[in-house]
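Colleague: give the three-dimensional model of this entry:
(chains A and B)
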Amino acid sequence: MEKALRDKKAICFFVLPALLWFAFIALVPILQSAYYSLLKWDGMTASVFFGSRNYLEMITDKLFLKSVLNSLIIAGASVFIQLPLAMLLALILHSGVKGEGAYRTIYFIPVIISSTIIAQLFMKVYHPSYGMLNNVLDAIGLGQFRNEWLANADVAMGALLLPIIWQYIGYHMLLYYSAAKSISPEIFDAARVDGATGRQIAFNITIPQILPMIKASVIFAVVGSLKAFDLVYVLTRGGPLHATEVPTTLMYNEIFVKNRYGYASAIAIFIIVECLVLTLVVEKIFKKLQD
Amino acid sequence: MKINCKSIVSLLAAATLLLSLCACGTSSGTNTNANGAAPAQQAANENIELSIWHIWPDSTNETNKIITGFAEQYQKENPHVKINLDATQQDEYQQRKLKVAAATGSQGDIFYTWAPGYSRQFIDAGAVLPLDDYFAEDKTYDRMLDGVMDYFMFDGKAYGIPCKNWAGVMFCNTELFEKYNVEYPETWDQLLTAVKTFRSEGLTPMAMGGKDAWHIGMYHNAIALRTAGVQYCNDALQGLASLDTPEIVESARLMKELSDAGAFMDGTLGVTYDEAQMEFFMGLVPMYYSGNWTSGDVDSDDNDVKGLIKVMPMPTVSGGKGDATTHLGGVAEGFMVNSNTKHPDEAVKLAIALTEYMSQKCYIIGDGLPAWKMDVDESEVSPTLIEIKKIINDASGFVLAWDTFLEGAAIDAHYNLLQALIGGTVTPEEFAQQMEEANKAQKSQE
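Modeller: Numbers count the residues shown, from 1 in each chain, chains lettered A, B, ... in the order given. This is a model prediction of the structure:
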């Protein structure tokens, strides 16, 4: 094995097909987008070289800045609300409740439902006249909190966050749960013999042990939030009045309504760079934590 | 290192081989085209394939059946022609597939499209075949209704073949009007009274889903037609006149007035058009301004409003320049022929036959009003559609929905402004002013 790993030619040979394929479907399109982002182009007729003007327009566009802020809010909510909830569920399941397997499956169901269906579902929940949310509020005597959830610019962002957080809790829970399962049981036994409480075990053993998995899940959550599109698009289309606009919905609009391929490519490149930068930041933070 | 180089070289060789294979694949495709320019008679003996791109993928859909039936019949009558139907769901087709394909000229030989704003980009890119010579030879114009080609003329040349006409009307639920003893609105004041009466009875007076901005546009554009008149709207949308006029401001003000009077569902900006129209179909909402395509639905057994529908034009506005004989609508949909088609003569012949056939059949199923002269047994036609046809028989003019007239960024601006108007973040004055700026900016790019 060691010999095989030392054979760089063999490594090259076996990695090459996957590398070529990856280059073909990922790297080349990204580079193409980077090139398009320097053009003024409608996707049809001849393009004009535009240099950095798309980027200059982008960073001075209030709507774009707002969309970036919104995507950061989604990322923040994912990391600070979704992940702790997922962790809580994972710890409870891991502590051995009755029906562990059934809960595990139930919490995972939203992950496998298509985002479009979840969005349609929540459109019905939030519907101003016959929506479940308003009717439940009426029924429990909180009628004054009735709202036009997706039509009111002040609450739409919150209404959007709920399904986004809800959808992937099961996914992160499963990541934590399986990581916790892989910790050697003797450690827990030893801790119990020493008289550690469940909370002490969770904070001093389980969480530190699964830190690498937490790092991975934070990265998934952040990157996933920054490129969130399907739920937002179906649920609100970035509205009402751009209150829930994120860079991806803005990009979609620029291409497919306004026919501005160049500018939309600039947004795409921004999203890629933003994801890379935040991934690096998360890596740095966790490196500090692990030390 | 040496072997590394070797492997790279052999890899390159393999890649070249692969590429050349692909290249062969495409070039053998075009080889059959070697004598594409041959006279039509000679071509008639040769077996050819033509593709038709359309937007009705659901095989239970009536329009899908019309096109499929047409293709079978046509292939029987013209055994040398093989027709490939390629159907894509409308939004996907209109927003993405056709745009992407037309960028490389690889759309179908005959493709469904929308005039005049949307197709302008394809014409400018040279992806569409001009049809004047074919029309002259075929005497096509003699069989079309007057004025239907207006929006398919680009820079003085005919680029498409219209297959149906449309018109917007107010659908009224007679049961609710009679129950609450409300007058059918013919003027703006009557409309406002009706809205307020229904509102006080706890009903949503009009069905509108503002999450789909074009649905707000249906109402607003029809009102603008009443305040500014047909001629002015058409001129202004083409950039020949300003959209920032007192009449357009007035149209936005009236739209806002309607909204403030509670005409639309609370939270309309969060509701899609099909959620909104469903409440009309369920008989919960008394008024719905929509196009003739809704007549098939309101006459359907599936909906509770069957037999309860009265259609009427958008109410007139006092002091407005458009009277009740002018309507939102016009001939905007039809087929165009790909300029890269291998068999232009056969493709145009097929496209003309298809549109003429569709014009008749779509009228019978209630999908559109005719664009061609024809004799139809009206007992087969949806009763509401016949009523709509009666209304537009003495029409003095049409204006297309603005979003089919405008292009690119101006459409986006229109959508944003409509929603902002309902949401109260722009004033009617700003609406008109920003519409004019957006339209001017878009036109000046061309």
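
Colleague: ok, the closest residue to chain B within the stretch 51-200 of chain A - contacts?
Modeller: Ranking the residues of the stretch 51-200 of chain A by distance to chain B (C-beta to the nearest C-beta) places residue A:148 first, at 2.8 Å. Quick note: C-beta positions are derived from backbone N, CA and C, even for glycine. Each residue near residue A:148 by C-beta atoms under 8 Å, 6 or more residues apart in numbering or on different chains is listed here: A:128, B:266-267, B:269-270.

Colleague: distance to residue B:56 added to the residues you listed, as TSV?
Modeller: Below are the contacts of residue A:148 laid out as TSV (distance: C-beta to C-beta, whole Å):
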residue	distance to residue B:56
A:128	32
B:266	35
B:267	32
B:269	30
B:270	29
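
Colleague: name the nearest of these relative to residue A:76.
Modeller: In terms of C-beta to C-beta, no member of these lies closer to residue A:76 than residue B:270, at 23.9 Å.

Colleague: surely the closest one meets residue B:212?
Modeller: No. In this structure residue B:270 lies outside contact range of residue B:212 using C-beta atoms under 8 Å: 11.0 Å.

Colleague: low pLDDT regions in the chain?
Modeller: Reading this off chain A. Chain A contains residues with pLDDT under 70 at A:1-5.

Colleague: my bad, the chain I had in mind was chain B
Modeller: B:1-45, B:446.

Colleague: in it, what residue lies closest to chain A?
Modeller: residue B:267 (2.8 Å).

Colleague: assign the residue lying closest to that residue once chain neighbours are set aside to helix, strand or coil.
Modeller: Sequence neighbours aside, residue A:148 is the residue nearest to residue B:267 in space, at 2.8 Å (criterion: C-beta to C-beta, 6 or more residues apart in numbering or on different chains). Per DSSP: H, G, I helix; E, B strand; the rest coil, the local secondary structure of residue A:148 is coil.

Colleague: okay, now residue 111: neighbour count?
Modeller: The chain I'm using is chain A. 14 (other C-beta atoms under 10 Å in any protein chain shown).

Colleague: sorry, should have said chain B
Modeller: By other C-beta under 10 Å, 27 other residues sit near residue B:111.

Colleague: quick one: it is in a strand?
Modeller: Yes. Membership of residue B:111 in a strand is supported by three-state DSSP.

Colleague: burial count for the spatially closest residue to it that is not a sequence neighbour?
Modeller: Distance criterion C-beta to C-beta, 6+ apart; nearest residue to residue B:111, sequence neighbours excluded, is residue B:53 at 4.1 Å. Neighbour count for residue B:53, taken as other C-beta under 10 Å: 23.

Colleague: hang on, residue B:53 in a helix?
Modeller: No. According to three-state DSSP, residue B:53 belongs to no helix; its state is strand.

Colleague: so it bridges to which residues?
Modeller: For residue B:53, the beta-bridge partners under DSSP bridges are residue B:86, residue B:111.

Colleague: these two touch, right, residue A:87 and residue A:176?
Modeller: Yes. Counting by C-beta under 8 Å, residue A:87 does reach residue A:176; the two are 5.6 Å apart.

Colleague: okay, and the common contacts of these two?
Modeller: With C-beta under 8 Å, 6+ apart, residue A:87 and residue A:176 have common neighbours residue A:214.

Colleague: all strands of chain A, in order?
Modeller: A:39-40, A:48-49 (DSSP state E).

Colleague: over to chain B?
Modeller: B:48-54, B:81-87, B:110-114, B:153-154, B:157-158, B:161-173, B:287-291, B:309-312, B:326-337, B:397-399.

Colleague: and residue A:169, which of those is closest to it?
Modeller: strand B:81-87 (39.1 Å).

Colleague: between the contacts of residue A:148, which is closest to residue B:444?
Modeller: Nearest to residue B:444 among those, with distances taken as C-beta to C-beta, is residue B:269, at 31.2 Å.

Colleague: for the closest one, give me its contacts.
Modeller: So residue B:269 contacts A:148, A:150-151, A:239-241, B:210-211, B:419, B:422-423 (C-beta under 8 Å, 6+ apart).

Colleague: reformat those residues as CSV; add distance to residue B:83.
Modeller: Listed next are the contacts of residue B:269 as CSV, based on distance: C-beta to C-beta, whole Å:
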residue, distance to residue B:83
A:148, 49
A:150, 44
A:151, 46
A:239, 41
A:240, 45
A:241, 46
B:210, 41
B:211, 38
B:419, 42
B:422, 45
B:423, 47
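
Colleague: which of these are buried?
Modeller: In the contacts of residue B:269, burial by neighbour count holds for A:148, A:150-151, A:239-241, B:210-211, B:419, B:422-423, counting by 16 or more other C-beta atoms under 10 Å in any protein chain shown.

Colleague: whichever of the contacts of residue A:148 end up buried, select them in PyMOL.
Modeller: With 16+ other C-beta under 10 Å as the criterion, this PyMOL line picks the buried residues out of the contacts of residue A:148:
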select buried, (chain A and resi 128) or (chain B and resi 267+269+270)
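
Colleague: next up, the contacts around residue A:290.
Modeller: residue A:211.

Colleague: cutoff 10 Å now
Modeller: A:208, A:211-212, A:215 (C-beta atoms under 10 Å, 6 or more residues apart in numbering or on different chains).

Colleague: same deal with residue B:268?
Modeller: Contacts of residue B:268 (C-beta under 10 Å, 6+ apart): A:128, A:148, A:151, A:240, B:204, B:206-211, B:215-216, B:259, B:275-276, B:419, B:422-423.

Colleague: any part of stretch B:227-244 near chain A?
Modeller: No. Judged by C-beta under 10 Å from any C-beta of the partner chain, stretch B:227-244 and chain A are separated, with a smallest distance of 17.2 Å.

Colleague: list just the nearest of the contacts of residue B:269 to residue B:159.
Modeller: residue B:419 (32.5 Å).

Colleague: is stretch A:238-250 in proximity to chain B?
Modeller: Yes. Remark: stretch A:238-250 sits within contact range of chain B at A:239-243, by C-beta under 10 Å from any C-beta.

Colleague: start and end of that stretch, how far apart?
Modeller: From the first residue to the last, stretch A:238-250 extends over 8 Å; the measure is C-alpha to C-alpha, to the nearest Å.

Colleague: how far is that stretch from where the chain is centred?
Modeller: 16 Å (C-alpha atoms, centre = their mean, to the nearest Å).

Colleague: kindly report the same for stretch A:38-53.
Modeller: With C-alpha atoms, centre = their mean, you get 31 Å for stretch A:38-53.

Colleague: is it true that residue A:27 touches residue A:272?
Modeller: No. Residue A:27 is beyond contact range of residue A:272, at 11.2 Å (criterion: C-beta atoms under 10 Å).

Colleague: list the buried ones in stretch A:103-122?
Modeller: Buried residues in stretch A:103-122, counted by 16+ other C-beta under 10 Å: A:103-104, A:107, A:110, A:115, A:118-119, A:122.

Colleague: and residue B:181, how many residues sit next to it?
Modeller: 7.

Colleague: pretty sure it sits against residue B:193.
Modeller: No. Checked against C-beta under 10 Å, the pair residue B:181 and residue B:193 is beyond contact range at 11.6 Å.

Colleague: show me what contacts the most centrally placed residue in chain A?
Modeller: Residue closest to the mean C-alpha point of chain A, counted by C-alpha atoms, centre = their mean, is residue A:224 at 2.4 Å. When contacts are counted by C-beta under 10 Å, 6+ apart, residue A:224 touches A:74-75, A:78, A:164, A:167-168, A:171, A:275.
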